[in-house]
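Novice: For reference, the sequence and a predicted model appear below.
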Amino acid sequence: MKRLKCARIAFIAPSEGLSHTVKIIYIAPGTGGTFYCQNCMRDVSLVRAMRRYHHEVTLVPVYLPIMIDARDVARDVPVFFGGINVYLQQKFPFFRKTPRWLDRLFDAPHLLRLAAQREGSTEAAGLGPMTLSVLRGEDGNQKKELDRLLDWLEAHEKPDLVHLSNSLFAGLAGEIKRRLRVPVVCSLQDEENWVDAMAKPYDQLCWDAMAEKKDSIDAFVAVSEWYGNKMSARMKLDKSRLHIVPLGVELDARGPAPLPFDPPVIGYLSKMCKSLGLGLLVDAFIALKKKPELRNLRLRATGGQHGPDAAFIKELREKLRREGMDQDVEFREGFNLEERREFLRSLTVLSVPARCGEAFGLHIIEAMGEGVPVVQPHAGGYPEVIRGTGGGLLYDPDDPGGLVSSLESLLRNPEHARQLGAQGREAVGRFYTVDVMAAGIAKVYESLL
């Protein structure tokens, strides 16, 4: 029933859901392209889909350039709240009053890209004070940046609606509504993981600020029912303003992936870090490869890394070397759209065993879109997606052998793996495409306009 509920939102083309061309400002954070950012890819694909249906959507990057799959989608738009300026304004009161010509120097694209690669620059633990300040909006240390953004918006043709990529931008909503007098929509996806990783007391202070600012936002869009319920409780949201629109992907025009079994290949597609379970997958690979029937097993991982992740990957390589299995594992660097598709088509099964789950898991439908089955823990929004597609297996994350046995059941049963892959691909084509996602968002816009 959950899948059908999402489908009812979706079976209206964006051009049908809105009876006229709509001018939309879409404000989204960038990561500099250093790792697999599900929110970034969602934002870019949604903007591109809405433009295909002739709506005027301007993607406004915040903090860092949007580079993953962007293909000039944010061309001719400056970066606002540039990461370096935001940091300087937080740390040094002098920079809260500097002239724009000086701020512009720190917003240079090459400097922002260097900042994105700096260890800890996009890690939540040390960014609590700055995140809280931005959430305070006109009362925060970055008021100058907010005024600059609104001046720029007012200088351009007035939009019909502003869409915020996530609720960490809730502090912008009040001034946007006051000065532009338009509805504000806010997406919800994985903010909880970011805020809860902050040092105390900033985690709770940020939750309090988000709850305080929520009344300036007209509609919230969660990517799964599980996450919508979670954020409703954390932000004290009125359920009447909450909508559920799952993520979507662009389908590969080619047929399903071949699912190799000679040798079989396990894949991992996400930021290559400890918190998303890459270490657990490596341990499962080692255990499986020691079984005589799976001695030819391979493991491939991609999705980028950042800062402390490099040391973590080095530890994994050393562990694999000690087991004599390092030659059977690849940690790939490239993960743009074309590289991800070729990567997925080389796999037998994909798993990103994040113990606490995620709001949705874009990698799940990316794999299923290629006909690759998935194995995920029964956590977060994963069960909602897998049960809605039939394209994979769920295991109990508290069962020490759950991941190994679930992977083995597919690696040793090609017919079952191909059946799940086919089911997943068919479901993605019906319920989880970019156009279906755009139709759901268009319906939310329609309700406000």
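Specialist: Received it, and whenever you're ready, just let me know what you need. Numbers count the residues shown, from 1 in each chain.
Novice: The stretch 1-150 of the chain: strands as residue ranges?
Specialist: Using DSSP state E, counting those that start in this stretch, the strands of the stretch 1-150 of the chain run over residues 23-29, 56-62.
Novice: which residues sit against the first one?
Specialist: Right, strand 23-29. With Cβ atoms under 8 Å, 6 or more residues apart in numbering as the test, strand 23-29 has contacts from 39-40, 43, 46-47, 50, 55-64, 66, 80, 149, 153, 157-166, 168-169, 172, 445. For every residue, glycine as well, the C-beta is placed using N, CA and C.
Novice: check contacts around residue 248.
Specialist: Neighbours of residue 248 in contact, by Cβ under 8 Å, 6+ apart: 45, 365, 432, 433, 434, 435, 436, 437, 438.
Novice: right, so of the strands of the stretch 1-150 of the chain, which gets closest to residue 420?
Specialist: Ranking the strands of the stretch 1-150 of the chain by proximity to residue 420 (Cβ to Cβ) places strand 23-29 first, at 33.2 Å.
Novice: List the buried residues of the closest one.
Specialist: 24, 25, 26, 27, 28, 29 (16 or more other Cβ atoms under 10 Å).
Novice: how long is stretch 47-63 end to end?
Specialist: Across stretch 47-63, the terminal residues are separated by 18 Å (Cα to Cα, to the nearest Å).
Novice: Give me the distance from it to the chain's centre.
Specialist: Centroid separation between stretch 47-63 and its chain, computed with Cα atoms, centre = their mean, to the nearest Å, is 17 Å.
Novice: What ranges does the stretch 1-150 of the chain have for its helices?
Specialist: Using DSSP state H, counting those that start in this stretch, the helices found in the stretch 1-150 of the chain span residues 2-10, 14-17, 38-52, 83-91, 100-106, 109-117, 128-135, 143-155.
Novice: next one: the stretch 251-400 of the chain
Specialist: Using DSSP H, counting those that start in this stretch, helices in the stretch 251-400 of the chain cover 278-289, 309-322, 337-344, 362-369, 382-389.
Novice: Now do residue 262 against residue 43, distance only.
Specialist: 40 Å (Cβ to Cβ, to the nearest Å).
Novice: So for these two, which residue has more residues nearby?
Specialist: For residue 262 versus residue 43, neighbours defined as other Cβ atoms under 10 Å are more numerous around residue 43 (29 against 7).
Novice: Test my guess that the more buried one contacts residue 169.
Specialist: No - using Cβ atoms under 8 Å as the test, residue 43 is too far from residue 169 to be in contact (11.9 Å).
Novice: Quick one: buried ones out of the contacts of strand 23-29?
Specialist: The neighbour count (16+ other Cβ under 10 Å) marks 39-40, 43, 46-47, 50, 55, 57-64, 66, 80, 149, 153, 159-166, 168-169, 172, 445 as buried among those.
Novice: and residue 70, what pLDDT?
Specialist: On pLDDT, residue 70 comes in at 65.
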